[in-house]
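Participant: Sharing a model prediction with you, sequence too.
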Amino acid sequence: MRRWILALGLLYVACGPVPHPQPPQPDRTAEFTVTCTSVYVSELERQPDPGGLEGCINQARGGKTKDDLIAWIRTSPEYIVLHSFRPLPPITVDGTIFRVAGQPWVLKGVTAFQLMDRWAKGENIQPFLDAYAGFNTLYVFLYTEPMAWGSQAWDAPSPDRVVAFVKAMNAKGWYVELSLLTSSPKAFPNRLQQATATLASLAAVRLSDASNLLVRLGNEPAEQNGPGNPPYDTHVLKADADTSGFVYDSGFYDANGSTWFGSYISPHTKRDAEWARRGHDCLDITHGASDAPQLGKKAVPCVLGEPQKAGLVAPADYEAYCATGVQFGAGCTLHSETGKFAQLPTAQESPVIAAALRGLNAFPGDTNRGAYRRIDGDGLRTYVVGFTMVRIRPNAPAAPEPGWIAVDAPWLWRR
């Protein structure tokens, strides 16, 4: 018996006590998701992207506390840029040109209608911004209506999220042109409430977080925007826009220009076979059109907006068109199907994007103050403004007159 007890004791010493199974650890994913989301919103002023959320949750599972996670995220380049940012100087109006920090400034815009919605949902929008490096303004919609956009529609973020988005773009060096309405406020009264609340929140930070903002009261308000969404009058926002202090456009243009009001105008020119010469519309708007005297003369910056889509036309046409946006106006907004949804450009769009930027970079921002004349017989159109010349679909590579220096032959020239 003693030998048996001794053997059993030696076995216990050698093997130790029999281990008891540990109870399963609770799944804390939901808890960590809430914590990480809170950290992202408080520190980066946005929802976490999927990869960032996964990394944060893994750190929390490894024992990191909320304070540890905050310290970790504050080392990120995004946090450093966001919290050390200096607001961009606001855009001001000087007759028919824009100025920034006192210097003539060209609006180099891209349609990015859904960009704010994607950012508010936590998506990584940096690849889109990188694809348009060199441009300076993002044209964004507050919302779209399902009856017009179907399953691709999106709702308006809260006013504080709009402010956070505008600030985030400010920190990245981008100006934002925000359309407050895309549907009739009579048909959709809640949209007017959203617009006024958003504008009030932005106006409260006009010289800081929202120093980079231009306001479009409505996008194509005089057009039929789908069944049940009739044309509308943006005068319902005029008093709010006037008191906000922002440079703004009512949204009216072209044949409806007699109802236009605001600080600048952005005509959507015809998308016909000769669309590339339609930049001349800005000259008619700012100096008065002899064939449309009822429109009057609007001596304000004119920005060519939403012309032909980038993937459907020749790069040379877009280059010339955007250059005339500087000759006759204050810039141009490049339009594309992918840009509507803030998606990366296609292989067909990319060469046009590069060409548009060449046109926008060709001449200084006060070019439209030069004398105008037209050279006939050189192609579709050849426009001379001051010391600049734009040839649209020229007949020959050489300049039609001596003394011209090529900026990008055969389309863009200067003396």
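Facilitator: Structure's in. What do you need? Numbering: from 1, shown residues only.
Participant: So residue 139: helix, strand or coil?
Facilitator: Three-state call for residue 139 (DSSP: H, G, I helix; E, B strand; the rest coil): strand.
Participant: where's the nearest residue to it once chain neighbours are set aside relative to residue 41, distance?
Facilitator: Of all residues not flanking residue 139 in the chain, residue 177 sits nearest, at 4.7 Å (CB to CB, 6 or more residues apart in numbering). The C-beta positions use only the backbone N, C-alpha and C, and glycine is treated the same way. To residue 41, residue 177 is 26 Å away according to CB to CB, to the nearest Å.
Participant: Ok, residue 145 next?
Facilitator: Residue 145 sits at a distance of 28 Å from residue 41 (criterion: CB to CB).
Participant: Of these two, which one has the most company?
Facilitator: residue 145 (20 against 15; other CB atoms under 10 Å).
Participant: If you drop the residues flanking it in sequence, what lies closest to the more buried one?
Facilitator: Distances taken as CB to CB, 6+ apart place residue 183 nearest to residue 145, at 4.7 Å, with adjacent residues excluded.
Participant: what about the one you found, how many neighbours?
Facilitator: By the measure other CB under 10 Å, the count of residues near residue 183 is 23.
Participant: Can you classify residue 108 as helix, strand or coil?
Facilitator: Residue 108 - assigned by three-state DSSP - is strand.
Participant: Which pLDDT does the model give it?
Facilitator: You'll see residue 108 listed with a pLDDT of 98.
Participant: Tell me who's in contact with it.
Facilitator: Going by CB atoms under 8 Å, 6 or more residues apart in numbering, residue 108 touches 134-137, 331-332, 357, 360-361.
Participant: From those, which land in strands?
Facilitator: 137, 331-332 (DSSP state E).
Participant: measure the residue nearest the centre of the chain to residue 379 for me?
Facilitator: Closest residue to the average C-alpha location of the chain: residue 138 at 1.9 Å, with CA atoms, centre = their mean. Between residue 138 and residue 379 the distance is 33 Å, computed by CB to CB.
Participant: on that earlier part again, contact partners for the residue nearest to residue 139?
Facilitator: By CB under 8 Å, 6+ apart, the neighbours of residue 177 are 107, 109, 137-140, 213-216, 333.
Participant: quick one: which of those residues has the most company?
Facilitator: residue 109 (31 neighbours).
Participant: list the contacts for that one?
Facilitator: Applying CB under 8 Å, 6+ apart, the residues near residue 109 are 135-139, 177, 303, 305, 331-334.
Participant: in the sheet, who's paired with it?
Facilitator: residue 137, residue 333 (DSSP bridges).
Participant: burial of residue 81, as a residue count?
Facilitator: Under the neighbour criterion other CB under 10 Å, residue 81 is assigned a count of 13.
Participant: Look up the closest residue to it, ignoring the ones flanking it.
Facilitator: Nearest residue to residue 81, sequence neighbours excluded (CB to CB, 6+ apart): residue 171, at 5.3 Å.
Participant: if I've got this straight, the residue nearest to residue 139 is in a strand?
Facilitator: Yes - looking at residue 177 with three-state DSSP, it is inside a strand.
Participant: Quick check: it vs residue 131, distance?
Facilitator: Separation of residue 177 from residue 131 (CB to CB) stands at 18 Å.
Participant: I'd say residue 283 and residue 325 touch.
Facilitator: No - Residue 283 lies out of contact with residue 325 (CB atoms under 8 Å); the separation is 10.9 Å.
Participant: Looking at those two now, which is surrounded by more residues?
Facilitator: More neighbours surround residue 325 than the other of residue 283 and residue 325, with 32 against 20 (other CB under 10 Å).
Participant: Please, where are all the strands along the stretch 151-300 of the chain?
Facilitator: Assigned by DSSP state E, counting those that start in this stretch, the stretch 151-300 of the chain shows strands spanning 175-181, 213-218, 248-249.
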